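Colleague: I'd like to go over a predicted model; first the sequence, then the structure.
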Amino acid sequence: MLRNLALIMLALFLWCAAVSRAQTAKPALINRDIDEEARFTLHGNVRPEASLRNDRGFVPDDFPMEHMLLQLHRSFQQEEQLDSFLQQLSAPDSPNFHRWMSVDEFGQNFGLNQSDIEQITDWLQIHGFKVNIVYPNGMLIDFSGTAGQVRDAFNTEIHSYQVNGQQHFANATDPQIPLALAPAIEGIVSLHDFLPRPLYKAIHLEHVNPATGSLVSAAEVQYTLGGTYQPVVPADLATIYNLSSLFNAGYAGTGQTIVVIEDSNVYQPADWTSFRSAFGLARFPTGAFTTVHPAPRSGNNNCVNPGVNGDEVEAILDAEWASAAAPGAIVELASCASSSTFGGLIALQNIINGRSGTNGSNLPPALISISFGECEARNGAAANAAYNAAYQQAVAEGISVFVSSGDEGAASCDASMSKATHGVAVSGLASTPYNVAVGGTDFGDTYAGTNSTYWTPYNSAVFASAKSYVPEIPWNDSCASVLLATYATHSGTTYGSTGFCNSSYGMGYITTASGSGGPSNCAHGAAAIPGTMSGTCQGYAKPSWQLNLVGVPHDGVRDLPDLSLFAANGVWGHYYVFCWSDVSHGGRLCAGAPGSWPGAGGTSFSAPIMAGIQALVNQKNGRQGNPNPVYYSLAAAEYGNSGNSSCNSTKGNSASSSCVFHDITRGDMDVNCAGMHNCYDPSGANGVLSISGTAYSKAYAAATGWDFATGIGSVDAGNLVNNWSSTQVKARTK
């Protein structure tokens, strides 16, 4: 007993000493007088849409610019100390293992020197801005003003732009700040109203009917979608990913809170209740749904109730499917509105900065899910830095952040487009080293002709029909999918004048819709060609936990995704159903069999589901901060140096029952493309996005171990929870 007490006291002493060292290492970064004539340009902060072609002239000088966020920049020494501390949080042999910080402790240790903050806020006020909030993390300032004040302070004009028939505003040039302030300022988030997009995809009408194996055209699809599709419901999810065994053992997320970050409220909370009732989730009485508009801890409230808007679909599906994976958890929807900053970012900042306390007490909820995205090059350097800094802080507080990897293959700058034209790109909301990027899969039973092996011809009382784990392939709606091309034409050729993409049937699959992955390549710097990896663009460095796993490329940068779950929208006959009763905007009444309910796919579903699975881990093991070190450690143990054939997803229900991950090795996430950016066969009408740009590449094919298409693979939730604290994992995370 005395020995244990001595060890505990020693650990506390070492931790306090480390904190003390960090506190004393906060030198002033602003060391010269502010000269308005000596300027520093914040490169990489002009939206590609802010072009002469779209320009409609100046906005008035009194045009309001509300709640801009000034992201600050800590010293290199502080950044190194923070990085070291975050690594220690996940190292079981460290005295800082799981010693989470409150926001006040974080600000004291890793925020800017108070004198620097005062000089910056004084400068803003001299230029007429209203300083609304100085966040307690010491890294962010909320301020408001007018377009005229922005021009005078930052030497950039705010213009009106018309893009795709919609009116927007944005800065016409990169902002500038006095050179004296440059060491302490990262950038402004943001000077425009181009916001991240929700990552769900409506049902793809052209598809393969799982019941008959026949191809179905858009014209043949019935209004009642269940006739030619095999929808996925919560009980199917529980069977396929082995959630049922955890539910039966008492792990359903009780005591856990999952925060879904949104910029809209749900149409009506009763939809969430109807969803749980229809699918048998109401038997977990601790499950609940709340909506909050988180105000900052001090200062002027920057979180306006957004009401219900076009992103209500994202809000309800996130809440429902987080609850499907963790039916005993509280799902908290945090939503804000903003005119010049993504409301979800404000909600996120207010959540992670909203509580006080010391030594890890009174921490925010431990699980956050974000289902929005924007490619790094479009997001801009300041916004990329803002998400990176927010997730860093979240990890220090013991929060696990799950982010959708995207719905457009390796072409995140071409989201929702018919073709990829800007080359390889990933989402800046998902590419930081401090979040889990969750990709998307489809089920491979239709392709293999084994539907009857994995699905019953009838539904249970809660509409379930899955028999077991179902083999998976990467989610890919594009004609560039080799599996689609093989199924439709038997040749497997996707590109060129005679390829599937240029065939009459293939024209129904001209889309970039697919699960996203790829290398981070424009988290920092500025693109010379808007929306592409060019100029001074650089990606995030590869985190240590992503090394030494079979399949991970030696490219020196952060690679996406980390893992994947089902996210398809119907091409092979499978999609998710959800309850959204706003019939005036495309919803349907949540009554009767779910085959007539709204349905969709996208990594919008996989991120909150993975957050729900982590809630089950946390219920047993406590908050975990960044779970990636454990995911990758478990994967390394399972796959070894050359993969593990017994865990290959193609084995389906005959795979080993001990596998934590399903290694997805069949299919790809290639998408059709045009132009010269990473596009094979650019002379053809529709080529195939390729990382090499010189020949058809298997870089985006599923492969043994980790791959760009599905990351580590998908997960057996029961084995994940039960193996989380194993000695093997602890040894590998030391």
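Modeller: Perfect, I can see it now. Numbering: from 1, shown residues only.
Colleague: Next one: Ser514 from Gly705, what distance?
Modeller: According to CB to CB, to the nearest Å, Ser514 stands 20 Å off from Gly705. Every C-beta, even on glycine, is put in place using the N, C-alpha and C of the backbone.
Colleague: Over to Tyr161?
Modeller: Taking CB to CB, one finds Tyr161 at 44 Å from Gly705.
Colleague: sec struct for Asn653, please.
Modeller: helix (DSSP: H, G, I helix; E, B strand; the rest coil).
Colleague: So it versus Arg56, what's the distance?
Modeller: Asn653 is 59 Å from Arg56, by CB to CB.
Colleague: low-scoring pLDDT stretches of this structure, where are they?
Modeller: 1-25, 219, 221-227, 356-361, 682-685, 690-698, 726-734 (pLDDT under 70).
Colleague: what about the residue nearest the centre of it, helix or strand, and which?
Modeller: For the chain, Val403 is the residue whose C-alpha lies nearest the centre (CA atoms, centre = their mean; 2.0 Å). Per DSSP states H and E, Val403 falls inside strand 400-404.
Colleague: on that earlier part again, between Ser514 and Gly705, which is the more surrounded one?
Modeller: Legend: neighbour count by other CB atoms under 10 Å for Ser514 and Gly705, higher for Ser514 (36 against 23).
Colleague: residue contacts, the more buried one?
Modeller: By CB atoms under 8 Å, 6 or more residues apart in numbering, Ser514 lies in contact with Asp407, Glu408, Gly409, Gly440, Pro474, Trp475, Asn476, Asp477, Ser478, Ser481, Met669, Val671.
Colleague: So among those, which ones count as buried?
Modeller: Asp407, Glu408, Gly409, Gly440, Pro474, Trp475, Asn476, Asp477, Ser478, Ser481, Met669, Val671 (16 or more other CB atoms under 10 Å).
Colleague: Just put the residues you listed in TSV and tack on distance to Val583 and secondary structure.
Modeller: Putting the buried ones among the contacts of Ser514 into TSV (distance: CB to CB, whole Å; DSSP: H, G, I helix; E, B strand; the rest coil) gives the following:
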residue	distance to Val583	secondary structure
Asp407	25	coil
Glu408	29	strand
Gly409	33	coil
Gly440	28	strand
Pro474	34	strand
Trp475	28	coil
Asn476	32	strand
Asp477	27	coil
Ser478	32	coil
Ser481	34	coil
Met669	34	coil
Val671	33	coil
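Colleague: His207 contacts Ala568, correct?
Modeller: No - checked against CB atoms under 8 Å, the pair His207 and Ala568 is beyond contact range at 9.7 Å.
Colleague: now the residue nearest to the centre of the chain: how far from Gly625?
Modeller: For Val403, the distance to Gly625 - CB to CB - is 15 Å.
Colleague: now do Ala415
Modeller: 30 Å.
Colleague: how about the strands of the stretch 401-550 of the chain, start to end?
Modeller: For the stretch 401-550 of the chain, applying DSSP state E, counting those that start in this stretch gives strands covering 436-443, 472-474, 518-519.
Colleague: and if you look at the stretch 601-734 of the chain?
Modeller: 661-662, 672-673, 679-680, 687-689, 714-715.
Colleague: Kindly reformat those as TSV containing mean neighbour count and distance to Tyr639.
Modeller: As requested, the strands of the stretch 601-734 of the chain are exported to TSV (neighbours: other CB atoms under 10 Å; distance: least, CB to CB, whole Å):
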stretch	mean neighbour count	distance to Tyr639
strand 661-662	27	8
strand 672-673	32	31
strand 679-680	24	29
strand 687-689	31	27
strand 714-715	25	14
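Colleague: for those, which one sits closest to Thr453?
Modeller: Thr453 lies closest, by CB to CB, to one member of those: strand 661-662, at 15.9 Å.
Colleague: From the contact counts, what lies against that closest one?
Modeller: On a contact count with 3 or more CB pairs under 8 Å, 6 or more residues apart in numbering; DSSP states H and E, strand 661-662 meets helix 628-639, strand 714-715.
Colleague: Tell me which of those sits nearest to Ile613.
Modeller: strand 714-715 (6.6 Å).
Colleague: Starting from the closest one, tell me which strands it pairs with and how they run.
Modeller: In the sheet, strand 714-715 lines up against strand 661-662 (antiparallel) (DSSP bridges).
Colleague: And for the partner strand, what's in contact with it?
Modeller: 469, 472, 563, 634-635, 638-639, 647-649, 655, 712-716.
Colleague: so how far is it from its chain's centroid?
Modeller: Distance, stretch centre to chain centre, for strand 661-662: 20 Å (CA atoms, centre = their mean, to the nearest Å).
Colleague: and if you look at stretch 583-595?
Modeller: 27 Å.
Colleague: Are we agreed that Asn569 is in a helix?
Modeller: No - using three-state DSSP, the secondary structure at Asn569 is coil, not a helix.
Colleague: my read: it touches His204, true?
Modeller: Yes - the criterion here is CB under 8 Å, and Asn569 meets it with His204 at 5.2 Å.
Colleague: higher neighbour count, these two?
Modeller: Each of Asn569 and His204 has its neighbours counted (other CB under 10 Å); Asn569 has more, 27 against 21.
Colleague: Confirm that Ala347 sits in a helix.
Modeller: Yes - counting by three-state DSSP, Ala347 is part of a helix.
Colleague: heads up, I number from 16, so please use that
Modeller: Got it, first residue is 16 now, which makes that one Ala362.
Colleague: who's in contact with it?
Modeller: Ala362 sits next to Ile276, Glu277, Asp278, His308, Pro309, Cys318, Ala349, Ser350, Cys351 when contact means CB under 8 Å, 6+ apart.
Colleague: Kindly recompute the last result at 6 Å.
Modeller: Applying CB atoms under 6 Å, 6 or more residues apart in numbering to Ala362 gives the contacts Ile276, Pro309, Ala349, Ser350, Cys351.
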